[in-house]
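Peer 1: next comes the sequence, and after it the predicted model I'd like to discuss.
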Amino acid sequence: MITALHRPLPRTLVLVGLMGAGKTAVGKRVAARLGLGFTDADHAIEEAAGCSIPDIFERYGEPAFRDLERRVIARLMHEPVQVLSTGGGAFMDAQTRATVAERGLSLWLKAELEVLATRTAKRHNRPLLRQGDPKAVLAGLMERRHPIYALADLTVDSRDGPVEETVERVLAAIDARLAAETPASETDPGQTTPDHPAPDPLTAGPAAPDPTD
Ligand SMILES: Nc1ncnc2c1ncn2[C@@H]1O[C@H](COP(=O)(O)OP(=O)(O)O)[C@@H](O)[C@H]1O
Ligand SMILES: O=C(O)C1=C[C@@H](OP(=O)(O)O)[C@@H](O)[C@H](O)C1
Ligand SMILES: [Mg+2]
């Protein structure tokens, strides 16, 4: 069991992957293990919109949801280091990928179709899975999205079995990555600059436009 990382997580951990991969469940537990804050982007989007994800899709349509999703994630990526679980479509947005590449450490939770279908069948809060046979929808998304998820910094299998086992694999993957990354202070002892410079006050903040407008 991983009890401590080689060094503190220097950037926000961003979990990506298909619906049912376990981003929300695993992210929450990884954050607790690391003593970090946790945000589920979908939850933040619901708060910003004042209604549920299915309601956003129904009332305003998917493009409006994606727009809000992009802006909410941009804002969250300017918060202190935390664990951020995204919704399955978030990483498909080029702007979001650029922000995450610049300010975060991305991790693809990868699961097989059967596993995703079984896990997502338990709840009916995912509008995309109501647009046809859920397994066929997931198979189509898998084909389109897997090449993009593969751009993430790290990939971890989310297999059938206890959630804690996936959590352990995630922690091991992060730790191996951090151990391999040479801290800036070791290459340049005089350097005091953090991994990410403070945002330019003229352009940064408030980090993103008000997601409720
Ligand atoms: N080994 C596992 N790893 C991750 N999640 C799992 C695992 N086994 C079961 N689950 C369950 O799968 C369900 C879907 O996970 P969720 O976190 O909502 O996925 P996502 O946010 O990626 O759509 C949750 O109820 C979670 O507890
Ligand atoms: O894959 C997607 O496009 C979506 C995934 C959902 O989140 P989860 O991946 O957490 O289920 C949620 O953001 C929305 O229903 C759309
Ligand atoms: Mg989720």
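Peer 2: Structure's in. What do you need? Ligands and ions are numbered 1, 2, ... in the order given.
Peer 1: look up the closest residue to Gly17, ignoring the ones flanking it.
Peer 2: Of all residues beyond its chain neighbours, the one nearest Gly17 is Leu109 (4.0 Å), with distances taken as CB to CB, 6 or more residues apart in numbering. For glycine as for every other residue, the C-beta is placed from the backbone atoms N, C-alpha and C.
Peer 1: tell me what the helix or strand hosting the one you found is packed against?
Peer 2: In the assignment (DSSP states H and E), Leu109 maps to strand 104-110. Packing partners of strand 104-110 (3 or more CB pairs under 8 Å, 6 or more residues apart in numbering; DSSP states H and E): strand 12-16, strand 154-157, helix 163-180.
Peer 1: of all those, which one is nearest Leu116?
Peer 2: Between Leu116 and these, the shortest gap by CB to CB is with strand 154-157, which sits at 12.4 Å.
Peer 1: quick one: buried residues of that closest one?
Peer 2: Counting neighbours by 16 or more other CB atoms under 10 Å, one finds that the buried residues in strand 154-157 are 154, 156.
Peer 1: ok, now stretch 64-80?
Peer 2: For stretch 64-80, burial by neighbour count (16+ other CB under 10 Å) applies to 65-66, 68-78.
Peer 1: most widely separated two among these?
Peer 2: Using CB to CB, these span at most 21.1 Å, a distance reached by Phe65 and His78.
Peer 1: rewinding a little: and the strand holding Leu109, which strands flank it?
Peer 2: According to DSSP bridges, strand 104-110 forms sheet pairs with strand 12-16 (parallel), strand 154-157 (parallel).
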